[in-house]
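Novice: below: sequence and its predicted model.
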Amino acid sequence: MSIFCSMLDLFKNTPLVATVLSFLTAQLIKIITHRSLKAFKKYGGMPSGHAAAMSGLAFTLGRCVGYSSPITAVAVALLMVVVSDAVNLRPYVREDLGHSWIEAFAGIGVGFLVSHLLPARIPLW
């Protein structure tokens, strides 16, 4: 099997696709609300792209392998670390870096929606 065919298999990985789509959806919402392409690279703002990506991963893994799976537990723990960092730690480093709890929960909501719009089982297509 060629390397190219192996790389195409990444697009059949539903949790990876959900993670990327969740992040891109959150960033697209920022672009639309700010009416500027510069908002794509912005670390703060509504909704949190990092929280969206991690919740998309956690919810999709829950749907794919089960919510009682240790893999899902690791993804949820990582989601909690990312959200905690975004809300509690980053604003102390630099004022414009962090998120409010509302922005973080909006990102979690974006990830939830994206993960539930995709099919639960691999392969995606």
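Specialist: Right, received. Where do you want to start? Numbers count the residues shown, from 1 in each chain.

Novice: what sits against residue 43?
Specialist: Each residue near residue 43 by Cβ atoms under 8 Å, 6 or more residues apart in numbering is listed here: 90, 96-98. C-beta coordinates here come from the backbone N, C-alpha and C atoms, glycine included.

Novice: helix/strand/coil for it?
Specialist: State at residue 43, reduced to three classes by DSSP: H, G, I helix; E, B strand; the rest coil: coil.

Novice: number of residues surrounding residue 11?
Specialist: Neighbour count for residue 11, taken as other Cβ atoms under 10 Å: 13.

Novice: residue 71 too?
Specialist: 14.

Novice: still on that earlier bit, by neighbour count, which of the contacts of residue 43 wins?
Specialist: Neighbour max across these (other Cβ under 10 Å) = residue 98, 20 neighbours.

Novice: and the least confident of the contacts of residue 43?
Specialist: Across the contacts of residue 43, the smallest pLDDT goes to residue 96, namely 73.

Novice: which SS class is that residue?
Specialist: coil.

Novice: that one contacts residue 90, correct?
Specialist: No - checked against Cβ atoms under 8 Å, the pair residue 96 and residue 90 is beyond contact range at 9.4 Å.

Novice: need the max-distance pair from the contacts of residue 43.
Specialist: 90 and 96 (9.4 Å; Cβ to Cβ).

Novice: residue nearest the middle of the chain, spatially speaking?
Specialist: residue 53 (0.7 Å; Cα atoms, centre = their mean).

Novice: that one and residue 92, how far apart?
Specialist: Per Cβ to Cβ, to the nearest Å, residue 53 is found 23 Å from residue 92.
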